[in-house]
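Chemist: The amino acid sequence is not available; the structure is as follows:
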């Protein structure tokens, strides 16, 4: 009795012959099917998996293909069968049959145990891994991320916090050390700034009184000694001296390798304060009409030009801080710069925290206990201090900076004198307020005369 599969194939063949006759008008040539010699040892296999000798050939040679491939597949469905040779024999399998499980085609299967009732081995399907969607890294993760070499040895989050706790005492001493240098550098630059203005004003026969928060001019604002020229010269001289000090330190002094790390850190803070007392002072003067802002007022700059110059100066502050990251990294020990997270913690402890805490301490100490001659002078100083952020923050993003190996290596038995320097800076800041609380009156007369004595 014919099977259902053979009836289906006969029906498809007759249907294909009918379609071919309708399309071409000719009857297709039937191909002679030959039977395969069944191996008695493999009688347990189904008809679709019959084993025949690999070298067997059909009696009649098949003619060359003269029809399109899709028509030939309709006429001859037997073409869909494929075979694999195993040691001189071919096992025919039906490729279109997906319900038939794949059997083991190993050489042992064809041997003497082929006719036994051993269970067929089914090939396990391959698991397809789904690609996880890409997640954008957070800012903190990118900031504390290590290099590729360190990623292989990346620790868990618990180990990270343990390591952070271990380095916090050392970074705490470094923070107090940098905080003391920040305050001392500010007082030095501030005194240079104010003494320069006092000296230039004395050249125009204008005496001045130096307080801890401003320069007071006893002649008043309505004195005939004031002119447009000397106002511009007096208010421009102090920022000019500050920026020249910063340029000399950044381009000459800090370029030297034979500098001790403590002195290098102090001079770097002096350079940063000098830059802010010129570039940041102009922005503060535009906002408050004090200090450096008198230059813009008496040059009759329009509002657009003032805003444009202020933005340019802030951009210059950012660029200066970005390229000064090399000097900031040179103040760190060489072992700290190897890991990105360690470097981030060190920069934050030595520059960001001292800038915030030291700036707040300076503003509190300099807050006047009387009405100043210039009403917005404290806002002017606060903006100058705040503009320091445009220099210290860009140092975190200069990953291409290549510092020289000039920083001292950390000692196991000696801690940095952070508490001593910070205490000295705070005491100096308090003495500064007490010394200039009542004001120091400067009357400087320049006299130059040349002639014969007799």
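Modeler: Looks like it arrived, so ask away. What you are looking at is a predicted structure, and each value in this text was computed from that prediction instead of being measured. Residues are numbered from 1 along each chain as shown.
Chemist: what is the mean pLDDT for the longest helix seen in the chain?
Modeler: Here the longest helix in the chain is taken by residue count, with DSSP state H as the criterion, and it is helix 157-203. Rounded to a whole number, the mean pLDDT of helix 157-203 is 85.
Chemist: how many neighbours does residue 369 have?
Modeler: A count of nearby residues for residue 369, using other C-beta atoms under 10 Å, gives 7. In this view, the C-beta of every residue, glycine as well, is placed from N, C-alpha and C.
Chemist: is it fair to say it lies in a strand?
Modeler: No. With the criterion set as DSSP: H, G, I helix; E, B strand; the rest coil, the secondary structure at residue 369 is coil rather than a strand.
Chemist: Next one, pLDDT for it please.
Modeler: For residue 369, the model assigns a pLDDT of 85.
Chemist: how close does it get to residue 288?
Modeler: Distance of residue 369 to residue 288, computed by C-beta to C-beta, to the nearest Å: 20 Å.
Chemist: Then residue 231?
Modeler: Plainly put, residue 231 is 16 Å away from residue 288 if you go by C-beta to C-beta.
Chemist: So between the two, which is more surrounded?
Modeler: Comparing residue 231 with residue 288 by other C-beta under 10 Å, the one with more neighbours is residue 288, at 20 against 16.
Chemist: what sits against that one?
Modeler: For residue 288, the set of contacting residues under the criterion of C-beta atoms under 8 Å, 6 or more residues apart in numbering consists of 376, 377, 379, 380, 383.
Chemist: re the thing from before, show me what the longest helix of the chain is packed against.
Modeler: Of the remaining helices and strands, those touching helix 157-203 by 3 or more C-beta pairs under 8 Å, 6 or more residues apart in numbering; DSSP states H and E are strand 208-210, strand 215-216, helix 228-248, helix 261-275, helix 340-347, helix 353-365, helix 418-435.
Chemist: What is the last one packed up against?
Modeler: Spelled out, that is helix 418-435. Contact partners of helix 418-435 among helices and strands, from 3+ C-beta pairs under 8 Å, 6+ apart: helix 157-203, helix 353-365.
Chemist: Quick one, which of those gets closest to residue 242.
Modeler: With respect to residue 242, and counting by C-beta to C-beta, the nearest of these is helix 157-203 at 5.7 Å.
Chemist: So what angle separates the directions of the closest one and helix 340-347?
Modeler: Compare the direction of helix 157-203 with that of helix 340-347 by axes from the mean of the first three to the mean of the last three C-alpha atoms, to 10 degrees and you get 30 degrees.
Chemist: contacting residues for residue 192?
Modeler: Contacts of residue 192 (C-beta under 8 Å, 6+ apart): 241, 242, 245.
Chemist: and if you look at residue 180?
Modeler: With contact taken as C-beta under 8 Å, 6+ apart, residue 180 is in contact with 418, 421, 422, 423, 424, 425, 426.
Chemist: Turn those into JSON lines, including pLDDT.
Modeler: Output for these, formatted as JSON lines (pLDDT from 0 to 100):
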{"residue": "418", "pLDDT": "74"}
{"residue": "421", "pLDDT": "91"}
{"residue": "422", "pLDDT": "91"}
{"residue": "423", "pLDDT": "92"}
{"residue": "424", "pLDDT": "94"}
{"residue": "425", "pLDDT": "94"}
{"residue": "426", "pLDDT": "94"}
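Chemist: Could you point out which of these is nearest to residue 280?
Modeler: Within these, the smallest distance to residue 280 is 21.2 Å, found for residue 425 (C-beta to C-beta).
Chemist: which of the helices and strands packed on helix 157-203 is buried the deepest?
Modeler: helix 261-275 (a mean of 22; mean count of other C-beta atoms under 10 Å).
Chemist: Please work out the average pLDDT along it.
Modeler: Here the average pLDDT along helix 261-275 is 93.
Chemist: just stretch 387-406 next, same as before
Modeler: Stretch 387-406 comes out at a mean pLDDT of 83.
Chemist: What distance do you get for residue 360 to residue 184?
Modeler: 16 Å.
Chemist: go on, residue 315?
Modeler: When distance is defined by C-beta to C-beta, residue 315 is 29 Å away from residue 184.
Chemist: now the contacts of residue 192 as CSV including pLDDT and distance to residue 11?
Modeler: As requested, those are exported to CSV (pLDDT from 0 to 100; distance: C-beta to C-beta, whole Å):
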residue, pLDDT, distance to residue 11
241, 95, 105
242, 95, 100
245, 95, 101
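Chemist: Closest to residue 282 out of the residues you listed?
Modeler: Nearest to residue 282 among those is residue 242, at 11.3 Å by C-beta to C-beta.
Chemist: For the closest one, give me its contacts.
Modeler: Residues in contact with residue 242 (C-beta under 8 Å, 6+ apart) are 189, 192, 193, 273, 274, 275, 277, 278, 281.
Chemist: Next up, phi/psi of the closest residue in space to it that isn't next to it in sequence, please.
Modeler: Closest residue to residue 242 in three dimensions, ignoring its sequence neighbours and counting by C-beta to C-beta, 6 or more residues apart in numbering: residue 277, at 3.9 Å. Main-chain torsions, residue 277, degrees, to the nearest 10: phi -80, psi 0.
Chemist: List the contacts of residue 277.
Modeler: Residue 277 makes contact with 189, 190, 193, 238, 239, 242, 243, 384, according to C-beta under 8 Å, 6+ apart.
Chemist: Roughly how far does it sit from residue 214?
Modeler: Here the distance between residue 277 and residue 214 works out to 14 Å (C-beta to C-beta).
Chemist: Please apply the same query to residue 334.
Modeler: Note on residue 334: its distance to residue 214, by C-beta to C-beta, is 44 Å.
Chemist: Compare neighbour counts for the two and give me the winner.
Modeler: Neighbour comparison, residue 334 and residue 214: the larger count goes to residue 214, with 21 against 16 (by other C-beta under 10 Å).
Chemist: Thought residue 373 was touching the more buried one, still the case?
Modeler: Yes. Contact between residue 214 and residue 373 holds when scored by C-beta atoms under 8 Å: they sit 6.5 Å apart.
Chemist: what secondary structure does residue 21 sit in?
Modeler: helix.
Chemist: picking up where we left off before, adding distance to residue 15, write the helices and strands packed on helix 418-435 out as CSV.
Modeler: What follows is those, written out as CSV (distance: least, C-beta to C-beta, whole Å):
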stretch, distance to residue 15
helix 157-203, 68
helix 353-365, 86
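Chemist: Let me know which of those is the nearest to residue 300.
Modeler: Going by C-beta to C-beta, the one of the helices and strands packed on helix 418-435 nearest residue 300 is helix 157-203, 21.8 Å.
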